[in-house]
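Peer 1: Let's see this in three dimensions:
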Amino acid sequence: MMNYIISFSVLLLAVCQVQSISESAVRSEIKRLQKGLSYLDDSTLTDSSSYQKQAENAAVSTLTDQNKLKAFIADRSDKGNNFDWEDKHIKNFYTAACVFFATNGVSNLKVKQFQPTDFVVPAWDKTDDWITNPDYCSWFGLKCFLDTLGPEEIEDQQLQDQIIEIQLFNNSLYGEWPPEIGLLGDNLVTIDLYDNFFQYTDDYSWFDSMKEMKYLWFGTTSWSADGIPTELNKLTNLEQLDCSYTFWSEGPLNANAFDDLSLLQYFDIGDNIYDPPDDDTLPSSITQLPTLTRFYMDNVKFVDDNNVEKSFPLDFLSDMDSVIEAWFDFTKFSSGIPTLPANLKSFSCVFCGLDGDLDNLVDSPGVELDRVWLSGNDLTGEIPSNLGADNKFTNIYLEANDGLVGPYPESLCSNEDGILQEVGGTEEICGASSCCTCTGESCGNLPDPTASPTVPPSPLPIGFCFSGESMVNVENKGSMQISNLVLGDVVQVANNKFEPIYSFGHKDDSSFVKYLQIATEGQFVPLEISDDHMVSVSDGRYVPASTIKKGDMLFTSSGEVAAVKSIKSVMRKGAYAPFTSSGSIVVNNIVASNYIAYQGSNNLKIGIIDSGVSYQWIAHSFNSIHRLAVMMGCTSETYTEAGVSNWVNLPHVMFEWVLEQNALVGSALLLPAFLIIGFASMIEYLVSNPVMMMCAMVGGYFICQKSGKTV
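Peer 2: Numbers count the residues shown, from 1 in each chain. Below is the predicted model of the structure:
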């Protein structure tokens, strides 16, 4: 009892010692911050309807609320007993609030250009804790630490209360990105706005303030510029840049934009349109970037002033000494395969208009390719007799090159190391080869995409699951569309096993749903999966599909891993989520979970703390109750009007409610729940493993006997 009194006293002392902050102090500091940004438009700062004034008022309302301050201290005991609000808290809160009010439910030039006049701009999909909680580090999509650091470093960063990452990808951001983001330039490392198509800006004056920016991902947004803006060279610490499928387009690849990007490792400019480059080659400031290892220029068009598409040789690739992965699918070139850089491992140029022979695949000095896609070109001549002799090929595709003469040589097909996975070619090549796994269209590389950029369809209701066009392997039946599955079908799951379907978490034949289409190397049909549904990645975790990025490695049905080649959004009819006893299922040859994640994370977060408890474990342990019921003969299924199983629907709603509570309440509710589902999971394990059940019973008997003798 005394311990509780002492703890309460310490908490009370902590609350009492929080220094009150006045409205005038907040407004004065915000005015000082605004004056420090020379590029701001002063005329909007006093407008009561401007996002700046809304952000200022929100900062005043939340940061001066004593009840919220007390709750903040109660949730953040790590601050100690003498925590004071500082100017940095006003700066971080105000800047994040500017992001919220500038992009949440707000129109812009692109909305007016592409949407009808009666279009209603939607609000953000997720707004957990935004504006109302003084602890901005807990707001959805904001982090005050880097996941890549060790525990002690993360703890140190969290104590600084500086926003380090903004991860608001696929969250229906509209409006204009606020230049006030430059206020965070001394600490902000990551901005991830991927797949917010109508998020717009054409003002990059704030780049000059971003001293720590390493990761900038705004692919599939409406960020606009005349080609690649020269302001980019201000981001001197930049390591990864994704500006694919944006309006950084219809202008030049300004050479000066890359002058000081010596740390850039990942660069994606795919699905854009640019002016033809000078001297028919990419600027040397791109090709000679010293640390660039991944370069993606797929489906890029170079169009002159007369709207005529131009092409130039691929020879610039020879100068990219550090590149390991280079993909150019559907970008047209006027040459053959150049001398390849020695570090290149993965080379993709499907429908690129390449001509000539394949000699440089084997004759380029030092090159050791392992993955090659060259489908749909105009390549000619015999396949080199030493193809595969010095390279460690896992995948090679040469289909739709009618001028090539086969067969694939024994140096490739002998596959002494056992690593060759997929080999594609024409009927002629494969007719005489022993190692082809597909020919022509069956390889999945031949459809030519439409020109980009284009405007996606209007958003439709979001489901959770797999699309109706997804394919699964059914024991004794072969490949089957997921929409045709029924309870009891035995399907392929992780580790090359097969298990019966005991339930459908979601089964909806009629709705049109937005999915992520994730294409991977060597897989013929892309995975189509909802944002929150989890997939298995190379380190053994199950993570939300929305967090997957190009280059990530996913587990396949064979236990191998495949790199993600592209990700885009598609609309499909139907939503299906079959449940198996292992909690996994193989869909379109990729190992996926049966379940969804929450909070955009693979682990449960309590406040800003990563609990280390995975959503895969939580969901699978919870469903042990359902699986026990099925073992006892309760196999009936009922669904809501939306097609969600009643075994899932109410718990899903309740769990979302718990996650909305503060950390103290959430912990109090979750702990007993975890004990219950953990016990149920143990019972399920014993029931489904008779040997272990017998051992437990025998062990219990001897313990009882020993206890009896002791008494």
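
Peer 1: Please look at residue 398 and residue 375 and confirm they touch.
Peer 2: Yes: under the criterion of Cβ atoms under 8 Å, residue 398 makes contact with residue 375 at 6.8 Å. Backbone N, C-alpha and C define where each C-beta goes, glycine included.

Peer 1: Are there residues contacting both of those two? Which ones?
Peer 2: residue 424 (Cβ atoms under 8 Å, 6 or more residues apart in numbering).

Peer 1: all helices for the stretch 301-450 of the chain, in order.
Peer 2: Assigned by DSSP state H, counting those that start in this stretch, the stretch 301-450 of the chain shows helices spanning 360-363, 410-413, 427-431.

Peer 1: Is it possible to get CSV of the ones you listed that adds distance to residue 529, mean pLDDT and mean neighbour count?
Peer 2: Putting those into CSV (distance: least, Cβ to Cβ, whole Å; pLDDT from 0 to 100; neighbours: other Cβ atoms under 10 Å) gives the following:
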stretch, distance to residue 529, mean pLDDT, mean neighbour count
helix 360-363, 34, 93, 18
helix 410-413, 33, 85, 18
helix 427-431, 31, 83, 16
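
Peer 1: Now render those helices as TSV, adding distance to residue 526.
Peer 2: Output for the helices of the stretch 301-450 of the chain, formatted as TSV (distance: least, Cβ to Cβ, whole Å):
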stretch	distance to residue 526
helix 360-363	26
helix 410-413	26
helix 427-431	23
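
Peer 1: With respect to residue 318, which of those helices lies nearest?
Peer 2: Each of the helices of the stretch 301-450 of the chain was scored for nearness to residue 318 using Cβ to Cβ, and the closest is helix 360-363 (9.1 Å).

Peer 1: Contacts for the closest one, please.
Peer 2: So helix 360-363 is contacted by 336-340, 367, 369, 372, 384, 386-387, 389-391 (Cβ under 8 Å, 6+ apart).

Peer 1: next one: stretch 116-134
Peer 2: When contacts are defined by Cβ under 8 Å, 6+ apart, stretch 116-134 is touched by residues 58, 62-63, 65, 68-69, 72, 89, 93, 96-97, 100, 103-107, 111, 135, 138-141, 168, 170-174, 198, 458-459, 462, 599-600, 659-660.

Peer 1: Separate out the buried members of the residues you listed.
Peer 2: Neighbour counting by 16 or more other Cβ atoms under 10 Å classes 58, 62-63, 68-69, 72, 89, 93, 96-97, 100, 103-104, 106-107, 111, 135, 138-141, 168, 170-174, 198, 599-600, 659 among those as buried.

Peer 1: From what I see, residue 52 and residue 34 are in contact.
Peer 2: Yes: the pair residue 52 / residue 34 is scored as a contact, 7.4 Å apart, by Cβ under 8 Å.

Peer 1: neighbour-wise, which of these two wins?
Peer 2: Ranked by neighbour count (other Cβ atoms under 10 Å), residue 52 and residue 34 place residue 52 first, with 22 against 16.

Peer 1: Might you report the residue contacts of the more buried one?
Peer 2: Applying Cβ under 8 Å, 6+ apart, the residues near residue 52 are 34, 44-45, 98, 178, 180.

Peer 1: Quick check: which ranges of the protein have low pLDDT?
Peer 2: Across the chain, the ranges flagged by pLDDT under 70 are 1-20, 75-84, 391, 415-418, 432-434, 446-464, 512, 522-524, 569-571, 688-711.

Peer 1: in it, which residue is closest to the centre?
Peer 2: Centroid-nearest residue in the chain: residue 547, 2.4 Å away (criterion: Cα atoms, centre = their mean).

Peer 1: From residue 531, how far off is that residue?
Peer 2: Distance, residue 547 to residue 531, by Cβ to Cβ, to the nearest Å: 9 Å.

Peer 1: and if you look at residue 262?
Peer 2: 35 Å.

Peer 1: Between those two, tell me which one has more neighbours.
Peer 2: Ranked by neighbour count (other Cβ under 10 Å), residue 262 and residue 531 place residue 531 first, with 24 against 14.

Peer 1: Can you name the residues that contact that one?
Peer 2: By Cβ under 8 Å, 6+ apart, the residues touching residue 531 are 170, 462, 516, 544-546.

Peer 1: Output these as TSV; include the columns secondary structure and distance to residue 251.
Peer 2: Shown next, in TSV, are those (DSSP: H, G, I helix; E, B strand; the rest coil; distance: Cβ to Cβ, whole Å):
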residue	secondary structure	distance to residue 251
170	coil	27
462	coil	34
516	strand	29
544	strand	35
545	helix	33
546	helix	31
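
Peer 1: among the buried ones among the contacts of stretch 116-134, which are in helices?
Peer 2: Counting by DSSP state H, the buried ones among the contacts of stretch 116-134 place 58, 62-63, 68-69, 72, 89, 93, 96-97, 100, 103, 111, 659 in helices.

Peer 1: For those residues, work out which two are farthest apart.
Peer 2: 69 and 111 (37.9 Å).

Peer 1: Report the buried residues of stretch 609-618.
Peer 2: Within stretch 609-618, the residues that count as buried by 16+ other Cβ under 10 Å are 610, 614-618.

Peer 1: Equivalent analysis for stretch 261-273, please.
Peer 2: Those would be 261, 263-273, for stretch 261-273 by 16+ other Cβ under 10 Å.

Peer 1: List the ones among these that fall in strands.
Peer 2: Counting by DSSP state E, the buried residues of stretch 261-273 place 266-268, 273 in strands.

Peer 1: What is the nearest of those residues to residue 511?
Peer 2: residue 268 (31.7 Å).

Peer 1: Quick check: bridge partners of the closest one?
Peer 2: residue 242, residue 296 (DSSP bridges).

Peer 1: so what's the backbone phi/psi at residue 505?
Peer 2: Backbone torsions for residue 505, taken as degrees, to the nearest 10, come to phi -70, psi -30.

Peer 1: on contacts alone, who are the packing partners of the longest helix along the chain?
Peer 2: The longest helix of the chain (DSSP H) is helix 663-688. The contact analysis (3 or more Cβ pairs under 8 Å, 6 or more residues apart in numbering; DSSP states H and E) places helix 663-688 against helix 66-75, strand 603-606, helix 615-622, helix 624-631, helix 646-659, helix 690-710.

Peer 1: List the neighbouring strands of the second one plus their orientation.
Peer 2: For strand 603-606, the pairing partners within the sheet under DSSP bridges are strand 609-614 (antiparallel).

Peer 1: re the thing from before, excluding covalently adjacent residues, which one is nearest to the residue nearest to the centre of the chain?
Peer 2: Residue nearest to residue 547 in three dimensions, not counting chain neighbours: residue 600, with 6.9 Å by Cβ to Cβ, 6 or more residues apart in numbering.

Peer 1: Now do that neighbour against residue 281, distance only.
Peer 2: Relative to residue 281, residue 600 is positioned 41 Å away (Cβ to Cβ).

Peer 1: now do residue 248
Peer 2: Noted for residue 248: a distance of 20 Å to residue 281, by Cβ to Cβ.

Peer 1: same deal with residue 589?
Peer 2: Residue 589 is 38 Å from residue 281, by Cβ to Cβ.

Peer 1: More neighbours: which of those two?
Peer 2: Taking neighbours as other Cβ under 10 Å, residue 589 and residue 281 compare with residue 589 leading, 22 against 15.

Peer 1: my guess is the more buried one meets residue 557, correct?
Peer 2: Yes: the criterion here is Cβ under 8 Å, and residue 589 meets it with residue 557 at 5.1 Å.

Peer 1: out of the contacts of residue 52, who's nearest residue 204?
Peer 2: Nearest to residue 204 out of the contacts of residue 52 is residue 178 (Cβ to Cβ; 12.4 Å).

Peer 1: Having no further points to raise, I will conclude here.
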